[in-house]
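A.B. asks: need a structure here:
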Amino acid sequence: MADLPDQRNQDPWARLRRHTSARIALGRTGVSLSTARNLEFQIAHAQARTAVHSVLDLDLLEQQTGPLIRTASRAPDRAAYLQRPDWGRRLDDASAQALEAQPKGADIAIVLADGLSSLATQDQAPGFLAAFLPMLDGLSVAPLVAATQARVAIGDEIGAILGARMVVVLIGERPGLSAADSLGLYLTFGPRLGRSDADRNCISNIRPGGLAAPDAAHRAAWLVREAFKLRLSGVGLKDRTVTVDALPE
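C.D. replies: Numbers count the residues shown, from 1 in each chain. Below is the predicted model of the structure:
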């Protein structure tokens, strides 16, 4: 009779954990987590800290996306950015003046912001744009804007200064303990100072282990078209898209 596998050294939770990167089914050794799970937690925590504190490489990003108008928020450094979210929502004076000199009146302004994970913007934004921009046929797009030490609402001021009818903000999302490279997209029709989160549509978790760039681009392009048709965004605009794989050939 063939030898049976030794069940004592097998992880009974491995089959469940392989279906998600979330921290589930951790099991225990005695009353504590196993050494392997503890080490995984420490690695994930270090990756999250790195994502928050890393600097967005604008030179590299520009090589991948094309020319960028470089702007910054009112937060002078990362420590101030983390302590004063309100500073991250507004442009500094030099950036506002630089945008004032740009052509006005495009249909869409696109902002690439570092947010709470510059790693996400660095890695995911170029691939998303490569899929998204060709879907905007017939709509004019303002020069790409990069914003550092930025929060989502900085897009409202950028869009308003550029006179854009809509702003799309790509921003690094707050890293968790299963994903430090997740990109978020926020779409606002009629950007202006004072807009609230209820005025925006969000597509979240854009990354290889989450929502793939082509699928995210398809959803975003659909929302853009509907926003222009209805002349609104936010809670009044519902996402009724299907995944790219489900589209008829």
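A.B. asks: for the protein, which segments count as strands?
C.D. replies: Here the chain has its strands, by DSSP state E, at 69-72, 108-113, 145-148, 166-172, 183-189, 200-206.
A.B. asks: of these, which is nearest residue 155?
C.D. replies: With C-beta to C-beta, the closest approach to residue 155 among the strands of the chain belongs to strand 166-172: 3.8 Å. No exception for glycine: its C-beta is placed from N, CA and C like everyone else's.
A.B. asks: which residues touch residue 111?
C.D. replies: Residues in contact with residue 111 (C-beta atoms under 8 Å, 6 or more residues apart in numbering) are 144-147, 150, 154-155, 158-159, 167-171.
A.B. asks: just give the number of residues close to the nearest residue to residue 176 once chain neighbours are set aside.
C.D. replies: Residue nearest to residue 176 in three dimensions, not counting chain neighbours: residue 48, with 6.9 Å by C-beta to C-beta, 6 or more residues apart in numbering. The tally of other residues near residue 48 (other C-beta atoms under 10 Å) stands at 20.
A.B. asks: likewise for the one 5 residues further on?
C.D. replies: Look at residue 53: counted by other C-beta under 10 Å, it has 12 neighbours.
A.B. asks: same thing with residue 69?
C.D. replies: The burial count for residue 69: 19, using other C-beta under 10 Å.
A.B. asks: roughly how far apart are it and residue 174?
C.D. replies: Look at residue 69 and residue 174: by C-beta to C-beta, to the nearest Å, they are 26 Å apart.
A.B. asks: what of residue 156?
C.D. replies: Residue 156 sits 20 Å away from residue 174, going by C-beta to C-beta.
A.B. asks: more neighbours, those two?
C.D. replies: residue 156 (25 against 15).
A.B. asks: shouldn't the more buried one be in contact with residue 168?
C.D. replies: No: applying C-beta atoms under 8 Å as the test, residue 156 and residue 168 come out as separate, 11.9 Å apart.
A.B. asks: how much space between the nearest residue to residue 139 once chain neighbours are set aside and residue 113?
C.D. replies: Nearest residue to residue 139 in three dimensions, chain neighbours excluded: residue 107, at 4.3 Å (C-beta to C-beta, 6+ apart). Distance from residue 107 to residue 113, counting by C-beta to C-beta: 20 Å.
A.B. asks: compare neighbour counts for those two and give me the winner.
C.D. replies: The neighbour count for residue 107 versus residue 113, taken as other C-beta under 10 Å, is higher for residue 113 (29 against 15).
A.B. asks: how near is that one to residue 232?
C.D. replies: Distance from residue 113 to residue 232, by C-beta to C-beta: 23 Å.
A.B. asks: show me the contacts for the nearest residue to residue 160 once chain neighbours are set aside.
C.D. replies: Once flanking residues are discounted, residue 160 sits nearest to residue 192: 4.7 Å by C-beta to C-beta, 6+ apart. Residue 192 makes contact with 156, 159, 160, according to C-beta under 8 Å, 6+ apart.
A.B. asks: low-confidence ranges, the chain, go.
C.D. replies: Residues of the chain meeting the criterion pLDDT under 70: 1-12, 242-249.
A.B. asks: switch the cut-off to 50
C.D. replies: The chain contains residues with pLDDT under 50 at 1.
A.B. asks: what is the burial count for the closest residue to residue 174 other than its chain neighbours?
C.D. replies: Closest residue to residue 174 apart from its sequence neighbours, by C-beta to C-beta, 6+ apart: residue 116 at 4.5 Å. By other C-beta under 10 Å, 24 other residues sit near residue 116.
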